[in-house]
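Trainee: have a look at this prediction, sequence included:
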Amino acid sequence: MKNHKIEGVDWRKIIKKYQPENWRSIWQIINTLVPYIGLFALMFWSVSVSYWLTLLLSIPTAGFMVRTFIIFHDCGHGSFFKSKRANLIVGIITGILVYTPWQLWWHEHNVHHANAGNLDKRGIGDVDTWTVEEYLAAPFWKKFWYRIMRHPLVMFSIGAMIVFAVVKRFPLASHGKKERASIWWTNLALLVLISGLMTLVGWKTFLIVQLPILLFGTSAGGWMFYVQHNYESVYWERQENWDFYKAAMDGSSLYELPAILQWFTGNIGFHHIHHLGSRIPNYKLQQCFEENPLFQVKSLNMWTSLKTLRLRLWDEAAQKMVGWEVLKKYRKETNMA
(Lines give C-alpha, C1' and ligand atoms only; values in the text may rest on other atoms or scores of the structure.)
Protein backbone atom coordinates (compact mmCIF):
# COMPACT_ATOMS: atom_id res chain seq x y z
CA MET A 1 0.00 0.00 0.00
CA LYS A 2 1.84 3.05 -1.24
CA ASN A 3 -0.64 5.74 -0.20
CA HIS A 4 -3.17 5.63 2.62
CA LYS A 5 -4.48 9.13 1.90
CA ILE A 6 -6.51 10.03 -1.18
CA GLU A 7 -7.55 13.66 -1.65
CA GLY A 8 -6.25 14.27 1.87
CA VAL A 9 -8.53 11.60 3.37
CA ASP A 10 -7.25 8.45 5.07
CA TRP A 11 -9.47 5.76 3.52
CA ARG A 12 -8.36 3.18 6.09
CA LYS A 13 -10.05 5.16 8.87
CA ILE A 14 -13.25 5.32 6.83
CA ILE A 15 -13.56 1.58 6.23
CA LYS A 16 -12.81 0.77 9.88
CA LYS A 17 -16.11 2.40 10.83
CA TYR A 18 -18.13 -0.36 9.17
CA GLN A 19 -17.94 -3.24 11.62
CA PRO A 20 -20.13 -6.37 11.85
CA GLU A 21 -23.22 -6.35 14.03
CA ASN A 22 -23.96 -9.80 15.43
CA TRP A 23 -27.75 -9.44 15.38
CA ARG A 24 -27.71 -8.54 11.68
CA SER A 25 -25.42 -11.48 10.92
CA ILE A 26 -27.68 -13.89 12.84
CA TRP A 27 -30.73 -12.53 11.02
CA GLN A 28 -28.96 -13.04 7.68
CA ILE A 29 -28.25 -16.66 8.60
CA ILE A 30 -31.94 -17.16 9.44
CA ASN A 31 -33.31 -15.48 6.31
CA THR A 32 -30.85 -17.43 4.16
CA LEU A 33 -30.49 -20.95 5.54
CA VAL A 34 -34.12 -21.46 6.57
CA PRO A 35 -35.53 -20.80 3.06
CA TYR A 36 -32.54 -22.57 1.45
CA ILE A 37 -33.16 -25.79 3.38
CA GLY A 38 -36.94 -25.38 3.09
CA LEU A 39 -36.81 -24.99 -0.70
CA PHE A 40 -34.45 -27.96 -0.91
CA ALA A 41 -37.01 -30.10 0.91
CA LEU A 42 -39.83 -28.71 -1.24
CA MET A 43 -37.92 -29.70 -4.36
CA PHE A 44 -37.73 -33.32 -3.17
CA TRP A 45 -41.50 -33.28 -2.71
CA SER A 46 -42.10 -31.61 -6.09
CA VAL A 47 -40.44 -34.47 -7.99
CA SER A 48 -43.56 -36.57 -7.41
CA VAL A 49 -45.75 -33.77 -8.80
CA SER A 50 -43.87 -32.47 -11.84
CA TYR A 51 -40.18 -32.23 -12.67
CA TRP A 52 -40.90 -28.91 -14.38
CA LEU A 53 -41.96 -27.63 -10.97
CA THR A 54 -38.73 -29.02 -9.53
CA LEU A 55 -36.68 -27.14 -12.12
CA LEU A 56 -38.65 -23.97 -11.46
CA LEU A 57 -37.97 -24.25 -7.72
CA SER A 58 -34.27 -24.83 -8.39
CA ILE A 59 -33.86 -21.20 -9.50
CA PRO A 60 -34.70 -19.53 -6.15
CA THR A 61 -32.98 -22.40 -4.34
CA ALA A 62 -29.81 -21.68 -6.32
CA GLY A 63 -30.22 -18.03 -5.35
CA PHE A 64 -30.16 -19.00 -1.69
CA MET A 65 -27.11 -21.16 -2.37
CA VAL A 66 -25.35 -18.04 -3.67
CA ARG A 67 -26.50 -16.12 -0.60
CA THR A 68 -25.19 -18.94 1.63
CA PHE A 69 -21.86 -18.64 -0.17
CA ILE A 70 -21.78 -14.93 0.65
CA ILE A 71 -22.06 -15.77 4.36
CA PHE A 72 -19.27 -18.33 3.97
CA HIS A 73 -17.23 -15.76 2.04
CA ASP A 74 -17.63 -13.10 4.74
CA CYS A 75 -16.68 -15.56 7.47
CA GLY A 76 -13.47 -16.22 5.53
CA HIS A 77 -12.64 -12.53 5.75
CA GLY A 78 -13.51 -12.40 9.44
CA SER A 79 -16.16 -9.81 8.60
CA PHE A 80 -19.40 -11.61 9.43
CA PHE A 81 -19.07 -11.80 13.20
CA LYS A 82 -16.92 -9.93 15.69
CA SER A 83 -15.84 -13.30 17.10
CA LYS A 84 -13.11 -15.19 15.26
CA ARG A 85 -14.51 -18.48 16.62
CA ALA A 86 -18.03 -17.68 15.37
CA ASN A 87 -16.66 -16.90 11.90
CA LEU A 88 -14.78 -20.20 11.91
CA ILE A 89 -17.75 -22.35 12.98
CA VAL A 90 -20.28 -20.72 10.64
CA GLY A 91 -17.70 -20.66 7.85
CA ILE A 92 -17.00 -24.39 8.07
CA ILE A 93 -20.71 -25.30 8.17
CA THR A 94 -21.73 -23.03 5.28
CA GLY A 95 -18.67 -24.19 3.35
CA ILE A 96 -20.00 -27.75 3.45
CA LEU A 97 -23.38 -26.52 2.19
CA VAL A 98 -21.71 -24.85 -0.81
CA TYR A 99 -19.18 -27.63 -1.49
CA THR A 100 -16.15 -25.50 -0.59
CA PRO A 101 -13.38 -26.45 1.88
CA TRP A 102 -12.99 -23.69 4.45
CA GLN A 103 -9.21 -23.53 4.81
CA LEU A 104 -8.59 -23.89 1.08
CA TRP A 105 -10.94 -21.01 0.31
CA TRP A 106 -9.55 -18.87 3.13
CA HIS A 107 -6.01 -19.24 1.79
CA GLU A 108 -6.69 -18.84 -1.94
CA HIS A 109 -9.19 -16.01 -1.60
CA ASN A 110 -7.02 -13.95 0.70
CA VAL A 111 -4.10 -14.41 -1.70
CA HIS A 112 -6.43 -13.13 -4.41
CA HIS A 113 -7.25 -10.04 -2.32
CA ALA A 114 -3.60 -9.34 -1.61
CA ASN A 115 -2.62 -9.52 -5.29
CA ALA A 116 -5.67 -8.57 -7.36
CA GLY A 117 -4.59 -6.60 -10.43
CA ASN A 118 -0.94 -7.63 -10.08
CA LEU A 119 0.27 -9.13 -13.37
CA ASP A 120 3.26 -10.72 -11.69
CA LYS A 121 1.19 -12.52 -9.04
CA ARG A 122 -1.67 -14.09 -10.99
CA GLY A 123 -2.91 -17.63 -10.76
CA ILE A 124 -4.32 -18.14 -7.26
CA GLY A 125 -8.00 -17.54 -6.58
CA ASP A 126 -8.66 -15.60 -9.78
CA VAL A 127 -10.01 -16.09 -13.30
CA ASP A 128 -7.09 -17.14 -15.48
CA THR A 129 -6.10 -14.10 -17.57
CA TRP A 130 -3.24 -13.95 -20.07
CA THR A 131 -1.63 -10.96 -21.75
CA VAL A 132 -1.66 -10.71 -25.54
CA GLU A 133 2.08 -11.37 -25.63
CA GLU A 134 1.74 -14.48 -23.46
CA TYR A 135 -0.97 -15.85 -25.71
CA LEU A 136 1.02 -15.26 -28.92
CA ALA A 137 4.08 -16.96 -27.42
CA ALA A 138 2.21 -20.00 -26.07
CA PRO A 139 2.22 -23.38 -27.85
CA PHE A 140 -0.92 -24.45 -29.71
CA TRP A 141 -2.24 -26.82 -27.05
CA LYS A 142 -2.02 -24.15 -24.32
CA LYS A 143 -3.80 -21.64 -26.56
CA PHE A 144 -6.51 -24.21 -27.27
CA TRP A 145 -7.00 -24.94 -23.56
CA TYR A 146 -7.10 -21.23 -22.70
CA ARG A 147 -9.74 -20.60 -25.36
CA ILE A 148 -11.88 -23.39 -23.95
CA MET A 149 -11.55 -22.23 -20.35
CA ARG A 150 -12.33 -18.60 -21.26
CA HIS A 151 -15.39 -19.49 -23.32
CA PRO A 152 -18.64 -18.24 -21.68
CA LEU A 153 -20.40 -21.59 -22.23
CA VAL A 154 -17.68 -23.25 -20.17
CA MET A 155 -17.11 -20.57 -17.52
CA PHE A 156 -20.77 -19.99 -16.74
CA SER A 157 -22.23 -23.47 -17.02
CA ILE A 158 -20.66 -26.88 -16.64
CA GLY A 159 -17.18 -25.45 -16.01
CA ALA A 160 -18.16 -23.57 -12.84
CA MET A 161 -20.05 -26.60 -11.51
CA ILE A 162 -17.09 -28.90 -12.15
CA VAL A 163 -14.77 -26.57 -10.25
CA PHE A 164 -16.94 -26.56 -7.12
CA ALA A 165 -18.31 -30.12 -7.24
CA VAL A 166 -15.25 -31.97 -8.53
CA VAL A 167 -11.99 -29.99 -8.64
CA LYS A 168 -12.27 -28.81 -5.03
CA ARG A 169 -12.55 -32.43 -3.89
CA PHE A 170 -8.88 -33.13 -4.62
CA PRO A 171 -5.76 -31.60 -3.02
CA LEU A 172 -2.93 -30.39 -5.25
CA ALA A 173 0.80 -30.57 -4.71
CA SER A 174 0.80 -26.79 -4.11
CA HIS A 175 -1.66 -27.08 -1.21
CA GLY A 176 -0.35 -26.89 2.32
CA LYS A 177 -1.09 -29.32 5.14
CA LYS A 178 -4.05 -27.28 6.46
CA GLU A 179 -5.58 -26.92 3.00
CA ARG A 180 -5.30 -30.67 2.38
CA ALA A 181 -6.89 -31.48 5.73
CA SER A 182 -9.71 -29.03 5.01
CA ILE A 183 -10.42 -30.71 1.67
CA TRP A 184 -10.58 -34.21 3.17
CA TRP A 185 -12.70 -33.19 6.17
CA THR A 186 -15.12 -31.35 3.88
CA ASN A 187 -15.27 -34.39 1.61
CA LEU A 188 -16.06 -36.61 4.60
CA ALA A 189 -18.83 -34.26 5.76
CA LEU A 190 -20.30 -34.16 2.24
CA LEU A 191 -20.13 -37.96 2.02
CA VAL A 192 -22.10 -38.32 5.26
CA LEU A 193 -24.63 -35.63 4.28
CA ILE A 194 -25.17 -36.86 0.72
CA SER A 195 -25.32 -40.52 1.76
CA GLY A 196 -27.97 -39.66 4.34
CA LEU A 197 -30.07 -37.76 1.80
CA MET A 198 -29.71 -40.52 -0.80
CA THR A 199 -30.84 -43.08 1.78
CA LEU A 200 -33.82 -40.89 2.60
CA VAL A 201 -35.02 -39.95 -0.91
CA GLY A 202 -33.09 -42.27 -3.25
CA TRP A 203 -29.97 -41.52 -5.28
CA LYS A 204 -31.82 -40.64 -8.49
CA THR A 205 -34.11 -38.17 -6.74
CA PHE A 206 -31.15 -36.60 -4.96
CA LEU A 207 -29.23 -36.10 -8.21
CA ILE A 208 -32.10 -34.63 -10.22
CA VAL A 209 -32.71 -32.17 -7.38
CA GLN A 210 -29.12 -31.30 -6.50
CA LEU A 211 -27.63 -30.99 -9.99
CA PRO A 212 -29.85 -28.10 -11.20
CA ILE A 213 -29.18 -26.20 -7.97
CA LEU A 214 -25.45 -26.70 -8.41
CA LEU A 215 -25.57 -25.74 -12.08
CA PHE A 216 -27.57 -22.54 -11.60
CA GLY A 217 -25.87 -21.58 -8.34
CA THR A 218 -22.28 -22.04 -9.51
CA SER A 219 -23.05 -20.43 -12.87
CA ALA A 220 -24.43 -17.33 -11.16
CA GLY A 221 -21.51 -17.26 -8.75
CA GLY A 222 -19.03 -17.75 -11.58
CA TRP A 223 -20.56 -14.87 -13.51
CA MET A 224 -20.40 -12.56 -10.50
CA PHE A 225 -16.76 -13.39 -9.88
CA TYR A 226 -15.93 -12.92 -13.56
CA VAL A 227 -17.59 -9.53 -14.00
CA GLN A 228 -15.98 -8.23 -10.82
CA HIS A 229 -12.52 -8.28 -12.40
CA ASN A 230 -13.04 -8.63 -16.17
CA TYR A 231 -14.09 -5.45 -17.92
CA GLU A 232 -12.38 -3.29 -20.51
CA SER A 233 -10.91 -0.60 -18.24
CA VAL A 234 -9.93 -2.95 -15.39
CA TYR A 235 -6.66 -2.28 -13.54
CA TRP A 236 -3.64 -4.51 -14.16
CA GLU A 237 -0.05 -3.51 -13.36
CA ARG A 238 3.35 -5.09 -12.91
CA GLN A 239 4.69 -5.47 -9.37
CA GLU A 240 6.87 -2.36 -9.44
CA ASN A 241 3.91 -0.10 -10.30
CA TRP A 242 1.12 -1.98 -8.52
CA ASP A 243 -0.92 -0.02 -5.95
CA PHE A 244 -3.44 -1.54 -3.52
CA TYR A 245 -5.89 1.39 -3.59
CA LYS A 246 -5.93 1.57 -7.39
CA ALA A 247 -6.27 -2.21 -7.63
CA ALA A 248 -9.38 -2.04 -5.45
CA MET A 249 -10.98 1.06 -6.95
CA ASP A 250 -10.06 0.52 -10.60
CA GLY A 251 -9.57 -3.25 -10.66
CA SER A 252 -12.85 -4.29 -9.03
CA SER A 253 -16.21 -3.35 -10.47
CA LEU A 254 -19.25 -1.55 -9.12
CA TYR A 255 -22.01 -3.79 -10.50
CA GLU A 256 -25.51 -2.31 -10.34
CA LEU A 257 -28.15 -5.01 -10.03
CA PRO A 258 -31.92 -5.02 -9.51
CA ALA A 259 -32.76 -4.99 -5.79
CA ILE A 260 -33.75 -8.67 -5.64
CA LEU A 261 -30.51 -9.81 -7.29
CA GLN A 262 -28.47 -7.49 -5.10
CA TRP A 263 -30.11 -9.13 -2.07
CA PHE A 264 -29.39 -12.66 -3.25
CA THR A 265 -25.77 -11.77 -4.04
CA GLY A 266 -25.22 -10.08 -0.70
CA ASN A 267 -24.28 -6.63 -2.08
CA ILE A 268 -21.10 -8.11 -3.55
CA GLY A 269 -21.69 -5.89 -6.59
CA PHE A 270 -20.03 -3.15 -4.50
CA HIS A 271 -16.89 -5.11 -5.14
CA HIS A 272 -14.48 -2.20 -5.17
CA ILE A 273 -15.56 -1.40 -1.61
CA HIS A 274 -15.13 -5.05 -0.64
CA HIS A 275 -11.57 -5.14 -2.02
CA LEU A 276 -10.69 -1.92 -0.29
CA GLY A 277 -12.05 -3.16 3.04
CA SER A 278 -12.59 -6.91 3.15
CA ARG A 279 -13.50 -6.67 6.85
CA ILE A 280 -16.69 -4.78 5.98
CA PRO A 281 -19.68 -7.16 6.27
CA ASN A 282 -21.73 -7.60 3.11
CA TYR A 283 -24.74 -5.85 4.63
CA LYS A 284 -22.73 -2.62 5.11
CA LEU A 285 -21.07 -2.38 1.69
CA GLN A 286 -23.83 -0.25 0.17
CA GLN A 287 -23.88 2.02 3.21
CA CYS A 288 -20.12 2.55 2.94
CA PHE A 289 -20.48 3.37 -0.75
CA GLU A 290 -23.34 5.83 -0.32
CA GLU A 291 -21.83 7.69 2.63
CA ASN A 292 -18.41 8.32 1.07
CA PRO A 293 -18.06 10.30 -2.19
CA LEU A 294 -14.42 9.18 -2.28
CA PHE A 295 -15.60 5.69 -3.24
CA GLN A 296 -17.83 6.72 -6.16
CA VAL A 297 -16.68 5.03 -9.37
CA LYS A 298 -18.11 4.30 -12.81
CA SER A 299 -20.49 1.36 -12.67
CA LEU A 300 -21.51 -1.60 -14.79
CA ASN A 301 -25.16 -2.56 -15.18
CA MET A 302 -26.72 -5.77 -16.42
CA TRP A 303 -26.66 -4.57 -20.04
CA THR A 304 -23.13 -3.15 -20.12
CA SER A 305 -21.80 -6.17 -18.22
CA LEU A 306 -22.79 -8.42 -21.14
CA LYS A 307 -20.22 -6.59 -23.27
CA THR A 308 -17.48 -8.08 -21.09
CA LEU A 309 -18.20 -11.52 -22.57
CA ARG A 310 -16.03 -10.74 -25.60
CA LEU A 311 -12.98 -9.88 -23.48
CA ARG A 312 -10.27 -12.53 -23.35
CA LEU A 313 -6.79 -10.98 -22.95
CA TRP A 314 -5.00 -8.11 -21.27
CA ASP A 315 -3.30 -5.75 -23.73
CA GLU A 316 -0.36 -4.22 -21.87
CA ALA A 317 0.34 -1.70 -24.61
CA ALA A 318 -3.24 -0.40 -24.73
CA GLN A 319 -3.81 -0.92 -20.99
CA LYS A 320 -7.18 -2.60 -21.42
CA MET A 321 -8.92 -5.96 -21.78
CA VAL A 322 -9.43 -6.99 -25.40
CA GLY A 323 -11.10 -9.72 -27.45
CA TRP A 324 -9.65 -12.23 -29.89
CA GLU A 325 -9.95 -9.72 -32.75
CA VAL A 326 -6.87 -7.82 -31.51
CA LEU A 327 -4.67 -10.82 -32.36
CA LYS A 328 -4.94 -10.07 -36.09
CA LYS A 329 -3.46 -6.63 -35.51
CA TYR A 330 -0.55 -7.97 -33.46
CA ARG A 331 0.20 -10.78 -35.92
CA LYS A 332 0.16 -8.28 -38.80
CA GLU A 333 2.57 -5.95 -36.96
CA THR A 334 4.87 -8.91 -36.19
CA ASN A 335 4.94 -10.00 -39.84
CA MET A 336 5.64 -6.45 -40.98
CA ALA A 337 8.56 -6.22 -38.57
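Mentor: On my side now, so go ahead.
Trainee: so which strand or helix has the residue nearest to the spatial centre of the chain?
Mentor: Nearest to the mean C-alpha position of the chain, by C-alpha atoms, centre = their mean, lies Phe225 at 3.7 Å. Secondary structure from DSSP states H and E places Phe225 in helix 203-229.
Trainee: tell me what that helix is packed against?
Mentor: Identification of packing neighbours for helix 203-229 by 3 or more C-beta pairs under 8 Å, 6 or more residues apart in numbering; DSSP states H and E yields helix 22-46, helix 51-77, helix 159-165, helix 177-201, strand 254-255. Where C-beta positions appear, they are placed from N, C-alpha and C, glycine not excepted.
Trainee: doesn't His275 make contact with Ile268?
Mentor: No. Counting by C-beta atoms under 8 Å, Ile268 does not reach His275; the two are 10.6 Å apart.
Trainee: OK, contacts around Ser299?
Mentor: Ser299 is in contact with Ser253, Leu254, Tyr255, Glu256, counting by C-beta atoms under 8 Å, 6 or more residues apart in numbering.
Trainee: which one of these is nearest to Asn301?
Mentor: Lowest distance from Asn301 to those (C-beta to C-beta) belongs to Glu256, with 4.7 Å.
Trainee: how far away is that closest one from Asn282?
Mentor: Separation of Glu256 from Asn282 (C-beta to C-beta, to the nearest Å) stands at 16 Å.
Trainee: of these two, which one has the most company?
Mentor: Counted by other C-beta atoms under 10 Å, Glu256 and Asn282 do not tie: Asn282 has more neighbours, with 24 against 15.
Trainee: confidence score at the more buried one?
Mentor: We have a pLDDT of 98 for Asn282.
Trainee: next secondary structure after the lowest-mean-pLDDT helix or strand in the chain?
Mentor: Lowest on mean pLDDT, DSSP states H and E among the helices and strands of the chain sits strand 5-6, with a mean of 56. Following strand 5-6 in sequence order, the next helix or strand is strand 9-10 (DSSP H and E).
Trainee: apart from its neighbours in sequence, what residue is nearest Asn267?
Mentor: Ranked by C-beta to C-beta, 6 or more residues apart in numbering and with sequence neighbours excluded, the top spatial neighbour of Asn267 is Leu285, at 4.3 Å.
Trainee: now name the helix or strand holding the one you found.
Mentor: Per DSSP H and E: helix 285-291 holds Leu285.
Trainee: just name whatever secondary elements that helix is in contact with.
Mentor: helix 271-276.
Trainee: now do the helix it packs on: distance to the chain's middle.
Mentor: On the basis of C-alpha atoms, centre = their mean, to the nearest Å, helix 271-276 sits 13 Å off its chain's mean C-alpha point.
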